[in-house]
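> My questions concern the predicted model and sequence given below.
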Amino acid sequence: MLFTDLINSLITDTTQSIPRFGVELCLSATIVLMLLMRLSGLDRLIPACLTATVGALVATFLAYKQFDALHAKDAVVTTHIFTGLLVHDSFTVFFRGFLALFLLLTVALTSLTGIPDEEDSPDFYSLLFGATIGMMLMASANNLLMLFIGVEMTSVPSYAMVGFLKGRKVSSEAALKYVVYGAGAAGVMLYGISLVGGVLGTTDMSLLSQRLAEAAAGGSGGLKDPEVRTVALGTMLVMVGLAFKLSLVPFHFWCPDAFEGASAEVAGFLSVASKAGAFGLLVRFCLALSGAKGTESLMISFGLGLGFIACITTTFGNLAAYTQTNLKRLLAYSTIAHAGYMVMAVAALLVLKNSPQAATLTENINQSIEGLLYYLVVYLFMNLGAFAVIAIARNYTFSEEVDSFKGLISQSPTLCIVMLICMFSLVGMPPFGGFVGKLFIFASAFKAGEVHGFMYVVVAFGALNTVFSLVYYIRVLRTMFLEARPADARPVPVRLVSWESAFVVTLAVFVLLLGVLPHMMSQTANDAAQAIAQLPNP
Amino acid sequence: MVGETLRNLLMIAWLLPLVGFAVEIFGGFWGSRQSRAAAWIAVGCIATGFVCSFSALMIWGNANHWSVLHKADHGSSHESHDGHQGEKGHEEHAPAGHEAPAEKHGAVSSESQYKLTALAAEEAATAHAAGPTVYSGTLYYLARFGSLDLSLDYYIDSLTLVMFTMVTFIATCIHLFAMGYMSEELTEEYVDHHAHLSNGHHVHRPGRFYRFFAFLSLFCFSMLGLVLAGNIFQVFIFWELVGICSFLLIGFYTERKSASNAANKAFIMNRVGDFGFLIGLMVIWTFFGTFRFGETVNGKGEVVQAGLFQLLQRDDTGNVIRDAENGEVSVGAADAAMNPGNARKTIPYFLLVVAGLGVFAGCVGKSAQFPLQTWLPDAMEGPTPVSALVHSATMVAAGVYLVGRFYPMFVQEVLLTIAYVGCITLFMAATIAVVATDIKKVLAYSTISQLGYMMLGLGVFGWGAGLFHLVTHAFFKSLMFLCSGSVIYGCHHEQEMPKMGGLWRKMPITAFTMLVGVIAISGLAIPGLISLSSVFAFSGFFSKDAVVATSLAFVKSNPSHFLLFLMPLLTAGITAFYMFRLWFYTFAGKPRDMHVYDHCHESPLIMTAPLLVLSVLAAFCAVGGEQGPLFLLITGDQPAHVSHGVAAVAGASTLTLPGHDAVHAVHAEAGTYALIAAASGTLIAWLLYGTTMVNVAEMKRQLSGLHGFLVNKWHFDELYDVLFMKPAHIIGKFCTWIDRTIFDGIIHGSARVMIAVSKWDRLFDESVVDGFVNLLGSSTFAVGRSLRVVQTGRLRQYVMFIVVGVVALFAILFTTFPG
């Protein structure tokens, strides 16, 4: 290949890729704009939060247009962009839209609560946007290196955001813990990537399963085969790296400390967005390794392993939340537990995809991804709702302890009702969205039980944990609704007609709508799921 | 188009009072109790309804070029009556367009959705413009149970339109009257002098002016819905609705024991009749498969199911068609192709009789016919406008209306029953009215008696005669009730006639209008006043004449039923007697009670104006008699077999029902008899009460046995007391005993057992179940607490856990994965 040919092909590739990268580019442009405005002092005229809102709005709109364009075509369209480093399909665009929307909501919340003061807000929003771009990269990665870059690009701004409340010892300590822990996990993951890439001779994820099948050919396909064993080790190490992002037990230790140290807004962002990106990546990674001839049983056992981790994680998260007195910490454990529920969907996906009857289970494989995506969307609204209520109340009480919420119903019923809806949804009670999400996930895990009986145990654990989780959520609600407001407590006068109320009520309405009208979202989620689940088997 | 316009107009007239009710019932909540707003809303609603109804009548008439009014010109000629004499500007007269433009036929007949259903062949041939006169369709689907459609339908023919116009007009008058009559309720604290507390004080309560008008509006809605109804089930729905309105209005002074008792009595006695109604409905549903009167038409204008009136077909003799093999009655046309939606079916003849009698039982209850007549006099406990509207002009006439509406379904046996029930009722009620002294009670018995006339008229095959009497009676009886209301209002709630007398000096308008009503109901007439061949008379004469003539024709063809003519003739005399007795007692002579007389005064304009309007109508609405516009309008869409009569056939019925020609033949004869009877009744009344020639008290003493019998209303209340109330009480006591000793015993015993079991259960619960649950709770909580220990906060330890975790996972993978 001549150099000019290479240059020409690169130019062609890039010009074709750039329109498909519009959302990320838009966010990047917003970052640059915000920084430039700060340099020129323009940010005193136009607050950074306004620029950020517009940027996020445009990004959401672009993502919507992209999804629309893909949806208009009958067949599943998968395009590899930037020389195959990223992949552009409905799944990618679903996550882009999801993350852009979430970014928009977070920006709205921060501008309502004013957590970055005017001086710092360009920095804060730059970090926020940068992290979001990293998450989008995670969800669209088609290369092991992009995987690593995406994870790091998400993590580094997150460290800074956790420690953003300067001068607070807890905050700085949390950020430091997060950095060190993240660095350790990144090392482990990088090691795993090098093992996988080294043995299989490629870092292109779309080639992984083919290469794995070639490597397993001739051998037993089990761990006795050294190549397969190495790949298995590498895979597990990569998964450990992702498990750190997902805060799965036993790689969750950073989570409660970081959440307690960070402001509620940041905690809400991290709990939903970085998990969403990591789940996108996990699904891609798992599917990339699935379906290789000869290693099906190994992959099933990985799926069962994930199921096992999921059981441990939910149980641990729920039980540990019992005795928490800090609301953010309590929700951190709740986040851990919910990550466990969602991993059940991935476990079901792995088990179904690698089962001998995979060809006849297409619909169920789609459903497992669909369930995960649906749960993520619901989780976005209900978890952000809960964190938003905490952030708004904190601005009046200067406290995030459970006790500071005592008898809040007498002062701001709106906040309490929204909290009630969000928490009941988190528990998984009908008619709220959480119920439908859990239903989807448990249904696909139950279906996977037909392939391997252990998945029934996983479902049982999921159901049992739903009961466990009731206890601590209800405890918070009881404090808010049934106890009397202490006389010396600071008043929380959030009126029904105010921006704060409008924001949280909007979130609550979506939680309710997703529970009452699942078709609204499940069709979209299904489209995205189809785009990825139907990758051709080698 | 015409059908839709009519439907929309009548729907507005029908639904507006409901809207009014919904607003007015909150009158006490939204406004002050001294406000007349509720009354004005009610008047506005019902008056708009009248305008709509009247417009609908006009539109209907113009659409078919008033063909019904011309039929008389082409029908059999008749010497004694001439159709278009003495037009006195009656409302339905004015636009009687004689110049029917024939070129509009095409436009009218394009209305294919609304089928011409009930025009007899003769009428179709003679009518100028054979436009459709019957419109039916569905307003709203309620539900579908299997093949049973429950829907709100409409069935609009000339009878519907006349009823709508009549009901809305009278209701408007009565609403206005009631605004004056009920004005005492416009207060925060109303003292009810007829209701006593246990300590002997009068009841003090807030005024209920708005509530009265809300109930009136609800009643108007129900009554109009009943008239508009297009299926028999819908009739039943509104039947019950007017029943509940009647209950609410009779018991308006709910603190009075007598009023609430009367309300209960009316409601319960109506239930007896409705029981029969339900049986009739079941038979109809089982054998006909539909409740609709008219045909069911789908969106494309095709007939998907025949209506009841089409299903029961009659042959040329007017008899129902019977199956040749088993003698059962055919349901639907013999030709299956003409019979969409219904397979060929038959109904046993006796069940057809049962269905007819069942529906008629409902009418007996509603129209207070023998043997369910005793509730109506008691219903006079309600305010007088209610008596005028509900218990004389409209609701009680609903039974008669239903008999008329359902006429095609009645066979000869049922009609004979109707005739005899009417006959017994009219005589009995008239005799009781002779001795009643309460002014409203006299009118109540008079109402029963006149309803009997209507039933008799329908029963002897005078379809038009019965309904004709219904409409004329509505006008003059509502007039008389309002007059009595005016008297009661003027005399400060004195209702006993023996305390009145000579009131015409104090209240001339009331006295004069009452006299008009009395002459109308008595059927007095002056032959040959305008021309030699005509009779000058008020409305009552014409309609009663029609009934009596029909019954004479009936008796002439069925001599064994001679009582059906003699009784009404005799009663015509009694009617004149007791009505003039009432008038003389009240208005003529010398005052008997100076206290009442001195405080008595004429009513305000808002009450006397309706009296004057109604008196004009009571006098002249029937002008022209059976050749007049009102009669022709009513009979415009009469059932097909009525005009020819029904001949007796061997093996079926031995009754011959007279057709129009037979009636016309005896008309002059019957009219003469009736006039003689009425005149003699009037004369006797004048002799007894208008002059002092005869000592009435002495007569009363002489005939004390008969008098007592009549005063006690033929002992019907006592009879029912012994027949039903006493046994019911005895059975009730027995049931109470069973309940107390046996069922309660069982229940108490089981309760004791249950308590004992629960005690043990509680012990088990508290020790075992709770112990387990608490153990579970505390153990999970302990686990949670211990998990907290892991979270030490030490960074070094955290990072080490990564390594430990990875190694542990790897170990697990290698130990568990088989190969």
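Sure thing, it's come through. Residues are numbered from 1 along each chain as shown, chains lettered A, B, ... in the order given.
> Return, as residue ranges, the portions of the chain with sub-threshold pLDDT.
No chain in the question, so chain A it is. Along chain A, segments meeting pLDDT under 70 span A:220-221, A:534-538.
> wrong chain, I was asking about chain B
Applying pLDDT under 70 to chain B flags the ranges B:71-132, B:299-301, B:323-327, B:332-344, B:528-534, B:649-653, B:818-819.
> Return the residues of it in contact with chain A.
Residues of chain B lying near chain A by CB under 8 Å from any CB of the partner chain: B:780-781, B:783-785, B:787-788, B:791, B:793, B:795, B:798-799, B:801-802, B:804-806, B:808-810, B:812-814, B:816-819. From N, CA and C alone the C-beta is placed, and that goes for glycine too.
> change it to 6 Å
Within reach of chain A by CB under 6 Å from any CB of the partner chain, chain B has these residues: B:781, B:783-785, B:787-788, B:795, B:798-799, B:801-802, B:805-806, B:817, B:819.
> buried subset of the residues you listed?
For the residues of chain B next to chain A, a burial check counting by 16 or more other CB atoms under 10 Å in any protein chain shown picks out B:783-784, B:787-788, B:795, B:798-799, B:801-802, B:805-806, B:817.
> Redo the residues you listed as CSV? Include secondary structure.
Shown next, in CSV, are these (DSSP: H, G, I helix; E, B strand; the rest coil):
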residue, secondary structure
B:Val783, helix
B:Gly784, helix
B:Leu787, helix
B:Arg788, helix
B:Leu795, helix
B:Tyr798, helix
B:Val799, helix
B:Phe801, helix
B:Ile802, helix
B:Gly805, helix
B:Val806, helix
B:Phe817, coil
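> got the contact list for A:Leu105?
With contacts taken as CB atoms under 6 Å, 6 or more residues apart in numbering or on different chains, A:Leu105 has no neighbouring residues.
> Next up, identify which helix or strand it is on.
When elements are assigned from DSSP states H and E, A:Leu105 belongs to helix A:90-113.
> May I have stretch A:147-166 exported as PDB, CA atoms only?
Output of stretch A:147-166 as PDB, limited to C-alpha atoms (Å, rounded to 0.1, in the frame of the first residue of the first chain):
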ATOM      1  CA  LEU A 147     -12.200   0.300  25.700                       C
ATOM      2  CA  PHE A 148      -9.300   1.400  27.900                       C
ATOM      3  CA  ILE A 149      -9.300   5.000  26.700                       C
ATOM      4  CA  GLY A 150     -13.100   5.200  27.200                       C
ATOM      5  CA  VAL A 151     -12.800   3.900  30.700                       C
ATOM      6  CA  GLU A 152     -10.000   6.300  31.600                       C
ATOM      7  CA  MET A 153     -11.600   9.200  29.900                       C
ATOM      8  CA  THR A 154     -14.600   8.700  32.100                       C
ATOM      9  CA  SER A 155     -12.600   8.100  35.200                       C
ATOM     10  CA  VAL A 156     -10.200  10.900  35.300                       C
ATOM     11  CA  PRO A 157     -12.800  13.800  35.100                       C
ATOM     12  CA  SER A 158     -14.800  11.800  37.700                       C
ATOM     13  CA  TYR A 159     -12.000  11.800  40.100                       C
ATOM     14  CA  ALA A 160     -11.700  15.600  39.800                       C
ATOM     15  CA  MET A 161     -15.500  16.000  40.100                       C
ATOM     16  CA  VAL A 162     -15.600  14.000  43.300                       C
ATOM     17  CA  GLY A 163     -13.000  16.300  44.800                       C
ATOM     18  CA  PHE A 164     -14.600  19.400  43.400                       C
ATOM     19  CA  LEU A 165     -15.800  20.700  46.700                       C
ATOM     20  CA  LYS A 166     -12.500  22.300  47.500                       C
END
